[in-house]
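Asker: I need the structure of the sequence given here:
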Amino acid sequence: MKKVAVVGCGAYMDSGYGCPGEWRCLKAAALGEGKFDEPSQVIAFVKCECPGRTLLPNLGMAMKLAEFKPDKIYLSSCLVNAKPGCPYGTPEEFAALIQEKTGVEVVLGTHAYP
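Answerer: Down below sits the predicted model:
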C-alpha cells in the first residue's frame, strides 16, 4: 500500500467554501478513487495557511513525525480547484516547490466528488 501525504487549502476548508475538510480526500485515498491509482495510506494531512510560508516546514515536520517519506504528495482538490484561486501562488508553483524540496512526486488534485 502506498503511503501518501495530502496538502489542503486551509482558508478554503476553514471558510466552508464547498470543502468541509479532509474527509473526501481521505475517502478517495482509502478507496483508491479519483487521482489515487490504488488504495493508499495517508500518513500526513497538512493545511496550507495563507500566505503559504509554513507549507514546506509543516510538511517536512509531518513527514518527520510520521517517520515515513511518502510515495506521493497530493495537493487536495479544494486547493487545486479553488475559485477564486490562491493569490499567493498557483497549484503548479506549489507542486514544483514541494517536489523540488522533498524529491517526492506531487499530484494535482485528490478526487472529483461533488
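Asker: what's near enough to touch the most centrally placed residue in the chain?
Answerer: Centroid-nearest residue in the chain: residue 7, 2.2 Å away (criterion: C-alpha atoms, centre = their mean). Neighbouring residues of residue 7 by C-beta atoms under 8 Å, 6 or more residues apart in numbering: 46, 47, 48, 55, 59, 73, 74, 75, 76, 79, 94, 98. Yep, even glycine has a C-beta here, placed from its N, CA and C like the rest.
Asker: between the residues you listed, which is nearest residue 30?
Answerer: Nearest to residue 30 among those, counting by C-beta to C-beta, is residue 74 at 13.0 Å.
Asker: and residue 31, what is it in contact with?
Answerer: Contact analysis of residue 31 by C-beta under 8 Å, 6+ apart lists residue 39.
Asker: and it, how far is that from residue 81?
Answerer: Per C-beta to C-beta, to the nearest Å, residue 31 is found 20 Å from residue 81.
Asker: What are the boundaries of the strands in this structure?
Answerer: For the chain, the strands defined by DSSP state E occupy 2-9, 40-48, 72-75, 105-108.
Asker: Output the longest one as CSV, restricted to C-alpha atoms.
Answerer: So the one you mean is strand 40-48. Output of strand 40-48 as CSV, limited to C-alpha atoms (Å, rounded to 0.1, in the frame of the first residue of the first chain):
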residue,chain,number,x,y,z
SER,A,40,-3.3,4.4,-0.1
GLN,A,41,-2.5,5.1,3.5
VAL,A,42,-2.5,8.8,4.3
ILE,A,43,0.5,9.4,6.7
ALA,A,44,0.2,13.2,6.8
PHE,A,45,-2.5,15.8,6.1
VAL,A,46,-1.2,19.3,6.1
LYS,A,47,-3.3,22.5,5.7
CYS,A,48,-1.6,25.3,3.7
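Asker: So what would you say the end-to-end distance of stretch 41-57 is?
Answerer: 21 Å (C-alpha to C-alpha, to the nearest Å).
Asker: Quick check: the gap between the closest residue to residue 49 other than its chain neighbours and residue 23.
Answerer: Using C-beta to C-beta, 6 or more residues apart in numbering and skipping the chain neighbours, the partner closest in space to residue 49 is residue 10 (4.6 Å). Residue 10 is 16 Å from residue 23, where distance means C-beta to C-beta.
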